[in-house]
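Peer 1: sequence isn't available, so here's the structure alone:
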C-alpha cells in the first residue's frame, strides 16, 4: 500500500464528460449553479434579483425582443400569434396603436417565425411566413397611406413622423412611352416639340452590356425615369413592419413605406430578390437595412433604409442596393445573418459564408459572399458574435453542439472549433437562444428542452491559448420557464415564466457584487429588498413580497441595518403564509431592510481521482482508495460535503461546514442544514474531511443550499494505492 498526495491546483474549468483519466485537474463531473473564475476557482452563482412582475400572461412560444435604446429606454417586446405587446422594465404595459391592424402578426410559431432588429426608435419586425408581393400597375402613382412609416439617415436619433410628405415620392402620372434614341443629345435634336410626360429610351443602340435608360420630359427638361406600365411598388402589407417608439411612452405598429422603382425597367433595375419569396432574417449593416431571403442577401441603399432599387441606370453608385447570392454550387437557403469582423456572416443549415468587400467601401461591385466553413447549423438559434469570435449551434440527437468561429490575426485562416467537444451530451435539447457577454467572456444558452436551465460557457484567453473553457448550467426552480434573456450593462436580464406570474429578473455578472449597503452577497433567487411591518398584537412581522412566494423555498435574511444580526436567516420554522404574497414571521424584524427570495442549491461534484506515474500518466492497474480531501476556501461562510462512498447511494455522509466556526464544528448533520440563525462569519482557510471509498466509485460533492457564499479555489486528495501485481 502506498499513500499518494494529489494536488488539484485550480478548479475553474467546469464540467468534462471525457474519461476521468483524460480530464484536466481543473475539470469536474458536475457543476450546477456554479460560477467559474481563473482567480477564485468555483463559487455559488450570483442570485437572480427581482426587477418586476409583468401583469400579463405570455405564451411559452412567444417571440421576445429586448429593445435597448439607452439606459433610460429599455423595453420588452412580446410577439404572439396575431398580437404584440410592449412592457417597460417596471413590468408596466405600454400603449401600442395599430392604425393598419394586426394582420401581419399572424404566425402559428411566433418564437421561430419572427425576426427583429432595432434601429434607433424603429424596430423592424419580419414575419417569416409572409411572401413578399408587388402592387398592381399604377399603384406607384398613388401616395401611400399616411400611416405608413418612413425612416432615412436624417431621422436616426432625431425626429420621426408619419406624415405623407415624409414618405417616398410617387412616380409621376400621365407618362407615355414614345420610342428610342441613341443618345440624349440626339433626342434633343430629333424631338423639337416634346409634350409633358413623354418618355423615351436612351442609349439602347450603343451595343455592349448597356441597354439604355429612360428619360421623361418634365418642366422643360429631360429627367431619368421609369418605363411606364410596370408594377413598381412593393406591397407594404407583405413586407416587414415597423414598431416605432413615439417618444411619449407609447408605440405604434404598422407597415413601412418602401420606395417604388423610379428609374429603368424590370431588366435594368430588377425587383429585389425577396419579391415572391419569404424573408428569413433582418439585420443592420454599415448604415444599410438588410434582409436574407432564400439564397440571397439584399441590402438597402446606404442611409436609405426603405429603398431596394437603383437610383440611376447611368452609373454604378457605391451606395446603391446590394443583392447577392453566395459563391457555391450547392443550394444554400440562408437562415441568419450576423455582422462580424468587418463583414457579415451568413448561415445556411450546412454552410457558413462570409460577406465582405475587397475595398474599404462596400459596394455592389466589390462585395462577395464566399464559403467560410461547412458545418451543420441550427435553424432555431441565431448565432451570436462575442468579441473576436462568433458562436453558432447545431443539433446532435437530443443534445446540441456549440461551434466557435474565429478568424486568425492575419485574416487568412478562418475555421470553427467545437467548444462542446469535451461535453458532447451536456447541452440538452435544441438551442433556442444564444446570449453573448463580451465584457465577461461568457456565452449563455437557452434550450427548448431544459427550459429552467441557463447553460453557461465561460472562457479566458491567455495570449493565443485558451486557459479556460468551462461549461456548467444555472438552474432556476423546477416550475420556471426562461423565455428569453439579454446582457445589458453588468447584468444578465431574464424573462421568466412561472405558474403564478411572468417576471423580469437579473443576475449581476460583476465579480464580488453585493446588494446596496451590504458588505456581502445574499444568495436568494428572485431577491427583493423588503421592509417588514411589526404587528404588536400578534408579535409577528409581516413581509409583503412583489410576487407570489413558493412556501418551500422562501427565505428572509436580515439586511445591513440589523447591526448585530446582519446576514442572519430568520427562523424558517416561524413562517406562515396568510396570502400568496405575504409572509409572517415570529418577533419584531422591522428595524430595517430584509432580503427575501427563494433558496437555490449549488452542487459541484469532483471527477474520479486516480494516481499517476512520474510522467503524469494514469495508472490503471491495482486498486485505489480515496482517503481524504482538503478544500482550500476563501471568503466563505458555509458549504456541505456529501460523500457517496460507493456511488450508489448506499453509504452517504452529509457534512455541514460552518467555516466561520470550524473550531466549534464537531459532527455530521443530516437533513435540513441551511438554517443559519446567527450572523454568518466569513473566512479563508483549509478544511479536511475523510472519504475512505474506492476511487472508481466514490462521489464527492460540495453543496451550498444556504444564502451565504462559498468559494473553493483548489483541493488536495490523499489516495491509497494497492498494487495487485505484487503477489507473493
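Peer 2: Here it is on my side, so go on. Since this is a predicted model, take the numbers as computed values, not measurements.

Peer 1: when you work out contacts or count neighbours from here on, use the C-alpha atoms and nothing else.
Peer 2: Fine.

Peer 1: ok, the closest residue to residue 114 other than its chain neighbours - contacts?
Peer 2: Spatial nearest neighbour of residue 114, chain neighbours left out: residue 127 (4.8 Å); criterion: C-alpha to C-alpha, 6 or more residues apart in numbering. Contacts for residue 127 (C-alpha atoms under 8 Å, 6 or more residues apart in numbering) come out as 104, 105, 107, 113, 114, 115, 240, 279.

Peer 1: so which of the residues you listed sit within strands?
Peer 2: The subset of the contacts of residue 127 located in strands under the criterion DSSP state E comprises 114, 115.

Peer 1: returning to what we had before: can you report phi and psi for the residue nearest to residue 114?
Peer 2: In terms of degrees, to the nearest 10, the main-chain angles of residue 127 are phi -90, psi 110.

Peer 1: same check on residue 172?
Peer 2: phi -70, psi 140.

Peer 1: what residues of stretch 473-485 count as buried?
Peer 2: Of the residues in stretch 473-485, 473, 474, 475, 476, 477, 480, 481, 482, 483, 484, 485 count as buried by neighbour count, 16 or more other C-alpha atoms under 10 Å.

Peer 1: let me know the closest of those to residue 537.
Peer 2: Comparing those against residue 537 with C-alpha to C-alpha picks out residue 477 as the nearest, at 35.6 Å.

Peer 1: does the closest one really touch residue 450, like I thought?
Peer 2: No: with contact taken as C-alpha atoms under 8 Å, residue 477 and residue 450 are classed as non-touching, separated by 11.6 Å.

Peer 1: need the pLDDT of the residue nearest to residue 114.
Peer 2: pLDDT recorded at residue 127 is 98.

Peer 1: what residue is smack in the middle of the chain?
Peer 2: Against the mean C-alpha coordinate of the chain, by C-alpha atoms, centre = their mean, the closest residue is residue 435 at 2.3 Å.

Peer 1: that one and residue 72, how far apart?
Peer 2: As defined by C-alpha to C-alpha, to the nearest Å, residue 435 lies at a distance of 22 Å from residue 72.

Peer 1: ditto for residue 398
Peer 2: 41 Å.

Peer 1: correct me, but residue 708 touches residue 557?
Peer 2: No: the pair residue 708 / residue 557 is not scored as a contact, 10.1 Å apart, by C-alpha under 8 Å.

Peer 1: now the common contact residues for these two.
Peer 2: In terms of C-alpha under 8 Å, 6+ apart, residue 708 and residue 557 are both contacted by the residues residue 522.

Peer 1: who's more crowded, the two?
Peer 2: More crowded of residue 708 and residue 557, by other C-alpha atoms under 10 Å: residue 557, with 27 against 24.

Peer 1: which ones are touching that one?
Peer 2: Residues counted as contacts of residue 557 (C-alpha under 8 Å, 6+ apart) are 522, 566, 567, 568, 569, 570, 594, 595, 596.

Peer 1: and the pLDDT for the first one?
Peer 2: Okay, so that is residue 522. Model confidence at residue 522, expressed as pLDDT, equals 97.

Peer 1: give me the three-state assignment for the nearest residue to it once chain neighbours are set aside.
Peer 2: Take residue 522 and drop its neighbours on the chain: the residue closest to it by C-alpha to C-alpha, 6+ apart is residue 707, 5.5 Å away. Judged by DSSP: H, G, I helix; E, B strand; the rest coil, the three-state class of residue 707 is coil.

Peer 1: what is the neighbour count of residue 707?
Peer 2: The burial count assigned to residue 707 is 30, neighbours taken as other C-alpha under 10 Å.

Peer 1: all good on my end, thank you.
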